[in-house]
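**Student:** can you look at this prediction? I've put the sequence above it.
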Amino acid sequence: MFEIIKKESLNPTVSKMVISAPQIAKKAEPGQFIILRVDEEGERIPLTIADYDREAGTVTIIYQIVGGTTKLLDSKKEGEFICDFVGPLGKATETDGIKKVAVIGGGVGCAIALPVAKKLHELGAEVHSVVGFRNKDLVILQDEFTACSDKYLIMTDDGSIGEKGLVTDALKKLIESDEKYDEVIAIGPLIMMKFVCKLTKEYGIKTTVSMNPIMIDGTGMCGGCRLTVGGKVKFACVDGPDFDGHEVDFDEAMDRGAMYREFERHSYEDTCNLLNKKVSE
Amino acid sequence: MPNMSLKKNPMPHQPAEVRARNFQEVALGYTAEQAIDEAKRCLNCKNRPCVSGCPVNIAIPEFIALVAEGDFEGAYNVITRQSSLPAVCGRVCPQESQCESKCVRGIKGEPVAIGRLERFVADWHNANCNTLPTRPESNGHKVAVIGSGPSGLACAGDLAKKGYEVTVFEALHVAGGVLVYGIPEFRLPKAIVAKEIETLKALGVEIRTNYVVGKTISVDELMKEEGFEAVFIGSGAGLPRFMGIEGENLKGVYSANEFLTRINLMKAYREDSKTPIFRAKKVAVCGGGNVAMDAARSALRLGADEVYIVYRRGESELPARAEEVEHAKEEGVIFKLLTNPTRIIKGENGFVGGMECVEMTLGEPDASGRRRPVVKEGSEFVLDVDCVIMAIGTSPNPLIKSTTDGLATEKWGGIIADENGLTSRENVYAGGDAVTGAATVILAMGAGKTAASAIDEKLKNK
């Protein structure tokens, strides 16, 4: 059992939890993930590590409430326990040799992009962070990003904060204003990563993306997380989750991600209906 | 007087049409009368050929003689001298190619039903004796076991009985390895595995779940920082293989590992399960081994109307146990033999729309001694399915190899170990599928036991 040391709501659909997991905290690196199971009857879901504190023995996760399991997770309070928490899984993000980098975060993907930006900043790289959200109410981790970025740009769909437009608009501007990046690291919805890669490919800038497909065990056993990278089948759990974005077949990944959309929608509605019932009684 | 019937006492089963739609155990087990009657078929031969057919050398005629006398607990004690998992092995061992293949009664008629008797004895014990073993006094030596499948549990059990302080590290959230994620409930009820694990815990074995050795902790850290004097690697062969044909990443294509793990470990077979699984109408399972049979029979039980086994060789080459093939056929699985998939066709919304196959004929024997399948020209046809399950084999997981310096492995990933299970690293042993590639539960158990005695030899004189 793993204790929830701290819980905080970052926006109406995104929360942060600090979990006591000393053995994982000891090993965790940016880019790696954990798999958790909320209770004895629960699903196993992968979540990328948002932060860790080796001394305190804690691992931070940030999650968006998108389905039954994240809803259940969000019902847990500080001092309560999560049944299973395993990791750190996958490979750490490669940071060697990067002197100047653009880190692109989309929505809750910013939670995963932050530790990478932080590490690169600590290693002395020049970090330009570009983050995108639907509107100002959904912005997360603004202070944290500002603290580790030499440039920090917010893009929103409605312009309610930062500039109106997509992260790719901002990235294109930066590149065209003669910023020379060794690498672009993009973490967010598949569609965002796809278009970031399309853009950077035109400019020939190496781009790393973090994939978050459906998986069960996270150790290479189920093969559910397979994707096509450079024409070859890769398992996100052991070969990734980071991949060369110019090689990833995003359309296939988007398709595969929708495998259980119907099932998940029902399961979410079930939980919501239960809640509704309680309210009306 | 021995019972001279040429036939085994038949195993009572759930009727095929009933069991094909539920996940309860297929075989129901002997009654005490049936067991005693069957035990009396044993001639108690002097040279005991059956024992030489058992990978862990259970004293078979000795336990059977006790069954014949009605001393079931006595029989249990004889079996457990060698086997740590009798209720499991009584169910999943391929007895027809091991102990029973050597039985003298099998020369004229059917061999003694050794497997069914083993199962009866273990089930009788579990139903009638609630006493757990007591923990032996510690000898102060610490041993780590990686993986809680058959080899790890056997190794842990033997060492614990000798007083070692054993900790088993398991990557998943429950112990049992392939016994819980792979083999379905209808062939091996999970309560039986849980009971065997309780017995190990009573012997003092500590089981740490959610520990991925190679990630959460390394083999070297186990030895240098955690004080384990020896490590046994029983991490199995968990990496699924795919065929490399077009369309394998479509929605509705599963590895057998994923399909079975969702059903078994994650309980997707239960209506109230939170684990999603694609409930297909027409399913093709590619492969002809026991895992393929498990996947096909599970798909039926999830409600599929048609389930095919697609296998490129013929009936006599099927690697699955004859009993499993028989059960699958009775339940309505359709065998498309001498058939090989060439492409999975994309249907609506990226789901499977069908599978293109070719017919095969058998040519000259290949390196494995089996006749090589050859494509029949112009035989392409499309199998109308909406789900494809790949059950064409698994390889050892590279996680431990890639994080343990100096651990020698074969090109295909198997850890190299000598006849005692010793690897290229001092005090690091390995066994089971991690060494041999995918094989059987009993062979893995045997390897775990061999390594346990080698570890004991090494550490007891330290």
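**Tutor:** All right, it came through fine. Numbering: from 1, shown residues only, chains lettered A, B, ... in the order given.
**Student:** tell me the contacts of B:L159?
**Tutor:** B:L159 sits next to B:143, B:145, B:166, B:452, B:455-456 when contact means CB atoms under 8 Å, 6 or more residues apart in numbering or on different chains. (C-beta placed from N, C-alpha, C; glycine too.)
**Student:** same thing but at 6 Å, please
**Tutor:** B:143, B:166, B:452 (CB atoms under 6 Å, 6 or more residues apart in numbering or on different chains).
**Student:** that one belongs to a helix, doesn't it?
**Tutor:** Yes - under DSSP: H, G, I helix; E, B strand; the rest coil, B:L159 sits within a helix.
**Student:** residue numbers of the stretch 301-450 of chain B in contact with chain A?
**Tutor:** Residues of the stretch 301-450 of chain B that fall close to chain A, judged by CB under 6 Å from any CB of the partner chain: B:350, B:397.
**Student:** ugh, typo on my part, it should be the stretch 51-200 of chain B
**Tutor:** So the stretch 51-200 of chain B meets chain A at B:171, B:173 (CB under 6 Å from any CB).
**Student:** would you turn the contacts of B:L159 into TSV with pLDDT, neighbour count and secondary structure?
**Tutor:** TSV is the format used below for these (pLDDT from 0 to 100; neighbours: other CB atoms under 10 Å in any protein chain shown; DSSP: H, G, I helix; E, B strand; the rest coil):
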residue	pLDDT	neighbour count	secondary structure
B:V143	98	27	strand
B:V166	98	29	strand
B:A452	97	30	helix
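**Student:** which residue packs closest to whatever residue of the stretch 51-200 of chain B ends up closest to chain A, ignoring adjacent ones?
**Tutor:** Closest to chain A within the stretch 51-200 of chain B is B:H173: 4.3 Å, counting by CB to the nearest CB. Spatial nearest neighbour of B:H173, chain neighbours left out: A:D84 (4.3 Å); criterion: CB to CB, 6 or more residues apart in numbering or on different chains.
**Student:** before we move on, what about B:E137?
**Tutor:** B:G163 (5.7 Å).
**Student:** quick one: the one you found and B:P136 touch, right?
**Tutor:** Yes - between B:G163 and B:P136 there is a contact at 4.7 Å, judged by CB atoms under 6 Å.
**Student:** more neighbours, the two?
**Tutor:** Taking other CB atoms under 10 Å in any protein chain shown, B:G163 and B:P136 do not tie; B:G163 has more neighbours (18 against 13).
**Student:** check contacts around B:L422.
**Tutor:** So B:L422 contacts B:Y429 (CB under 6 Å, 6+ apart).
**Student:** tell me, how many residues neighbour residue 113?
**Tutor:** In the absence of a named chain, this looks at chain A. 28.
**Student:** should've been chain B
**Tutor:** B:A113: 27 neighbours (other CB under 10 Å).
**Student:** give the contact list for it.
**Tutor:** Counted by CB under 6 Å, 6+ apart, B:A113 has contacts B:8, B:38.
**Student:** now the one 4 residues further on
**Tutor:** For B:L117, the set of contacting residues under the criterion of CB under 6 Å, 6+ apart consists of B:64, B:67.
**Student:** name the SS class of it, please.
**Tutor:** Under three-state DSSP, B:L117 comes out as helix.
**Student:** assign a three-state SS to B:T167, would you?
**Tutor:** Going by three-state DSSP, the state assigned to B:T167 is strand.
**Student:** A:D158 versus that one, what's the distance?
**Tutor:** According to CB to CB, to the nearest Å, B:T167 stands 55 Å off from A:D158.
**Student:** more crowded one of these two?
**Tutor:** Using other CB under 10 Å as the criterion, B:T167 and A:D158 rank with B:T167 on top: 19 against 10.
**Student:** show me what that one is bridged to.
**Tutor:** Beta-bridge partners for B:T167, by DSSP bridges, are B:A144, B:E206.
**Student:** that one reaches B:V205, doesn't it?
**Tutor:** No - applying CB under 6 Å, one finds B:T167 not in contact with B:V205, separated by 7.6 Å.
**Student:** looks to me like the residue nearest to B:E137 is in a strand.
**Tutor:** No - B:G163: not assigned to a strand; according to three-state DSSP it is coil.
**Student:** give the contact list for it.
**Tutor:** Here B:G163 is in contact with B:136-139 (criterion: CB under 6 Å, 6+ apart).
**Student:** which bits of chain A sit near chain B?
**Tutor:** Counting by CB under 6 Å from any CB, chain A sits next to chain B at A:23, A:37, A:43, A:84, A:86, A:89, A:216, A:219-224, A:252, A:255, A:259-260, A:263.
**Student:** straight-line length of stretch A:83-103, end to end?
**Tutor:** Across stretch A:83-103, the terminal residues are separated by 33 Å (CA to CA, to the nearest Å).
**Student:** need the residues that contact that stretch.
**Tutor:** Residues outside stretch A:83-103 that contact it (CB under 6 Å, 6+ apart) are A:2, A:19, A:21, A:24, A:27-37, A:39-40, A:113, A:116-117, A:119-120, A:123, A:125-129, A:181-185, A:218, A:240-242, B:173, B:210, B:215.
**Student:** of these, buried ones?
**Tutor:** Neighbour-count burial (16 or more other CB atoms under 10 Å in any protein chain shown) applied to the contacts of stretch A:83-103 gives A:2, A:19, A:21, A:24, A:27-37, A:113, A:116-117, A:119-120, A:125-129, A:181, A:183-185, A:218, A:240-242, B:173, B:210, B:215.
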